[in-house]
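Asks: all I have is the shape, not the residue letters:
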Ligand code: G1P
């Protein structure tokens, strides 16, 4: 059955250890690419795809993330007084309607599948999206919107996918593909972080999913998988093996792995170079610096 996707889960409970010491006091999702927190990119993408309810699966120490979505009346007042209408507009664009956001706590770090399952009561019997904010995707049409449009035709479960280098295969969920039709891949199995020799393809899962509510039931009974964690990949793989519809969607766009320092820096540079107010100065600096290497 095809229904509109209006709910999205954002798993943001991770400790962000790769960004210590910064993440000792700031949640990774608040770290900024140019001047916007990482999470804002995922929120904007979800909104563009028609998402109305935003469910954050958080953990201890993520208070700053909750505050980020609060109204900022003093700040707005100060900006208004100073006539800074542009900044005011920027700020307003990040406003979230009251009741649009829900926070759920994941009490133990038991894996991505478990984090998603923590939101089961808010999802009830509807299809839902999952966005991993570490995967930042720059595209003419936002990635989730591309997928929602495809989902409107095909239904089923859908994961964003792209081909990765052989040495990267063991860092991703990998798809077993039976058929390719343009950007749409039909999937009959998936493996979480396989060794290269066991990998059914080089088509990696990137952190955008549209899932049927049945996935929640599968997560409930799932045993620990790769790394001793409850894996979302395993629940979707079960669905595929049982004959459920599972697709990969080879999205148009460039993906940055902002879970790694190098990826975060690349995204920072790429987004800054897209900005009229920054690009000339920054491009000069990069050229000069690179010339000296
Ligand atoms: C998660 C998923 C993995 C997926 C990846 C995409 O892994 O478990 O299947 O390929 O995100 O970024 P993580 O990077 O959180 O270990």
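Replies: Arrived safely, thanks for sending. All of these numbers come straight from a predicted model, not from anything done at the bench.

Asks: going forward, measure contacts and count neighbours with C-alpha atoms only.
Replies: OK.

Asks: contacts for stretch 243-259 next, please.
Replies: Counting contacts by Cα atoms under 8 Å, 6 or more residues apart in numbering, the residues outside stretch 243-259 that touch it are 16, 18, 134-141, 143, 146-147, 155-162, 175, 183-188, 205, 236, 239-240, 263-267.

Asks: run through those residues and flag the ones next to the ligand.
Replies: For the ligand, the contacts drawn from these by Cα under 6 Å from any ligand atom are 135, 205.

Asks: up against the ligand, what does the stretch 151-293 of the chain have?
Replies: Of all the residues in the stretch 151-293 of the chain, those in contact range of the ligand (Cα under 6 Å from any ligand atom) are 172, 173, 192, 204, 205, 206, 207, 233.

Asks: from residue 26, how far off is the residue of the chain most remote from its centre?
Replies: No residue in the chain sits farther from the centre than residue 81, which is 36.8 Å out by Cα atoms, centre = their mean. Computed with Cα to Cα, to the nearest Å, the distance linking residue 81 and residue 26 is 30 Å.

Asks: how about residue 198?
Replies: Counting by Cα to Cα, the gap between residue 198 and residue 26 amounts to 38 Å.

Asks: more neighbours: which of these two?
Replies: Per other Cα atoms under 10 Å, whichever of residue 198 and residue 26 has more neighbours is residue 26, with 18 against 11.

Asks: for the more buried one, what are its contacts?
Replies: Per Cα under 8 Å, 6+ apart, neighbours of residue 26: 62, 64.

Asks: and it, what pLDDT?
Replies: Per-residue pLDDT puts residue 26 at 87.

Asks: repeat for residue 154
Replies: For residue 154, pLDDT reads 95.

Asks: that one: neighbour count?
Replies: When neighbours are defined as other Cα under 10 Å, residue 154 has 16 of them.

Asks: what's it sitting at in phi/psi?
Replies: phi -110, psi -30 (degrees, to the nearest 10).

Asks: what does the one 4 residues further on give?
Replies: Its backbone dihedrals place residue 158 at phi -140, psi 140, with angles given as degrees, to the nearest 10.

Asks: state the distance from it to residue 248.
Replies: Taken as Cα to Cα, the span from residue 158 to residue 248 is 6 Å.

Asks: got it, and residue 21?
Replies: Residue 21 is 36 Å from residue 248, where distance means Cα to Cα.

Asks: neighbour-wise, which of these two wins?
Replies: In terms of neighbours (other Cα under 10 Å), residue 248 is the more surrounded of residue 21 and residue 248; the figures are 26 against 10.

Asks: next, the spatially closest residue to residue 223 that is not a sequence neighbour: phi, psi?
Replies: Of all residues beyond its chain neighbours, the one nearest residue 223 is residue 230 (6.5 Å), with distances taken as Cα to Cα, 6 or more residues apart in numbering. The phi/psi pair for residue 230 (degrees, to the nearest 10) reads phi -80, psi 120.

Asks: which residues touch the residue nearest in space to the middle of the chain?
Replies: Nearest to the centroid of the C-alpha atoms of the chain, with distances taken as Cα atoms, centre = their mean, sits residue 132, at 2.4 Å. Going by Cα under 8 Å, 6+ apart, residue 132 touches 10, 11, 12, 42, 207, 208.

Asks: so the last one touches residue 134, yeah?
Replies: Meaning residue 208. No. Using Cα atoms under 8 Å, residue 208 makes no contact with residue 134, being 10.6 Å away.

Asks: re the thing from before, pLDDT score for the residue nearest to the centre of the chain?
Replies: At residue 132, the predicted lDDT confidence score is 97.

Asks: would you map the helices across this protein?
Replies: Along the chain, the stretches classed as helices by DSSP state H are 38-48, 63-68, 73-81, 85-92, 112-117, 120-123, 143-154, 214-220, 232-241, 261-273, 279-291.

Asks: just those helices: most buried one?
Replies: helix 112-117 (a mean of 24; mean count of other Cα atoms under 10 Å).

Asks: determine the number of other residues adjacent to residue 61.
Replies: Residue 61 has 14 neighbouring residues, counting by other Cα under 10 Å.
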